[in-house]
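Chemist: After the sequence you'll find the predicted model.
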Amino acid sequence: MGGQNGLWGMGDHTRPIGAHELMMQIPLIVRHPGRIPAGRTSDLLVSNYDFLPSVLGYLNLSDKRPQQPPLPGRDFSPVLRGQEIAWDNAVFYEMESCRAVRADRWKLVLRHPDGPHELYDMQTDPQERFNRFGQPGTDAVKADLQARLEAFFRRYADPQYDLWKGGRSKAKRL
C-alpha cells in the first residue's frame, strides 16, 4: 500500500486486517511469444490459486492436477489461447481472521469473530470509501456473497487452520 485508503506499507499489518482492492488487485501478465498474441487483455477475476490449474491446462497436463486435498483453483488457460469460457467472476481472500469475496460488482469483507465487516459496490465506489454493510437495500447482496464465501471456505479450508471454526493459526507466535 502506497498511501491508498490511508495506509502505508504492508496491508496485512493493519488492524483490523485489511482486504482493500489495492492490496488484492495485481495485474497478471502472461507472455509466450508465438503462442499468446501480444496485447490481448481479459477482465476475468483470477487469483493465485487459479495459477497452477491454468499452467497445467496450458501445457495439456490437466491430468497431473493434485486431487487431494481439493484445490480451489480454476483453469483459465483457454483464455490464453483466445477462447471464451464460462467463468464465475469471483475471487476469495483470507488473511488470518479476515475473509473476503470479490465479485464483478460487489465485495464483502468479514472479520472473525465480531467485525468490523464491510460491503462495497465496486462499480460505484471502486476506492471503497462508503461501507454499505448494514445499509438499507443491501441485505440480499450481503446474504448472497456471505453464502458464497462460507461455501468456499467450508470446501477448501483446512480445519486445523480454520480460525473461524476453532482452528489454530499457521503463524508462529513468539
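Modeler: Noted; the coordinates are in hand. Just so it is clear, the model here is predicted, and its values are computed rather than measured.
Chemist: To which secondary structure element is residue 100 assigned?
Modeler: Following DSSP states H and E, the helix or strand that holds residue 100 is strand 98-103.
Chemist: next helix or strand past that strand?
Modeler: Counting by DSSP H and E, the next helix or strand C-terminal to strand 98-103 is strand 106-111.
Chemist: quick one: strands adjacent to that following strand?
Modeler: Strand 106-111 pairs in its sheet with strand 98-103 (antiparallel), strand 118-121 (antiparallel), by DSSP bridges.
Chemist: Using TSV, lay out those strands together with distance to residue 131, mean pLDDT and mean neighbour count.
Modeler: Backbone N, C-alpha and C define where each C-beta goes, glycine included. Listed next are these as TSV, based on distance: least, C-beta to C-beta, whole Å; pLDDT from 0 to 100; neighbours: other C-beta atoms under 10 Å:
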stretch	distance to residue 131	mean pLDDT	mean neighbour count
strand 98-103	13	96	22
strand 118-121	5	98	21
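Chemist: Nearest approach to residue 52 belongs to which of these?
Modeler: Among the strands paired with strand 106-111, strand 98-103 comes nearest to residue 52, with 20.1 Å by C-beta to C-beta.
Chemist: Outside of that closest one itself, list whatever touches it.
Modeler: In this structure, residues lying in contact with strand 98-103 by C-beta atoms under 8 Å, 6 or more residues apart in numbering are 16-19, 21, 24, 45, 89-94, 107-112, 122, 145, 148-149, 152-153, 164.
Chemist: Now it - C-alpha only, CSV.
Modeler: Once non-C-alpha atoms are left out, strand 98-103 reads as follows in CSV (Å, rounded to 0.1, in the frame of the first residue of the first chain):
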residue,chain,number,x,y,z
CYS,A,98,-10.2,-11.6,7.6
ARG,A,99,-12.1,-13.2,4.7
ALA,A,100,-13.4,-11.6,1.6
VAL,A,101,-15.1,-12.3,-1.7
ARG,A,102,-14.8,-10.0,-4.6
ALA,A,103,-17.3,-10.5,-7.4
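Chemist: Point out where this protein drops to low pLDDT.
Modeler: Applying pLDDT under 70 to the chain flags residues 1-13, 173-174.
Chemist: Let's have the strands paired with strand 106-111 in CSV, adding distance to residue 85.
Modeler: Output for those, formatted as CSV (distance: least, C-beta to C-beta, whole Å):
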stretch, distance to residue 85
strand 98-103, 17
strand 118-121, 26
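Chemist: Show me the one of those strands that comes nearest residue 73.
Modeler: Once the strands paired with strand 106-111 are compared by C-beta to C-beta, strand 98-103 is nearest, at 15.5 Å.
Chemist: Check what contacts stretch 80-96 and list those residues.
Modeler: Stretch 80-96 has contacts (C-beta under 8 Å, 6+ apart) with 12, 17, 19, 24, 30, 32, 36-37, 40, 43-47, 54, 58, 72, 74, 76, 78-79, 99-104, 148-149, 152-153, 157, 163, 169, 171.
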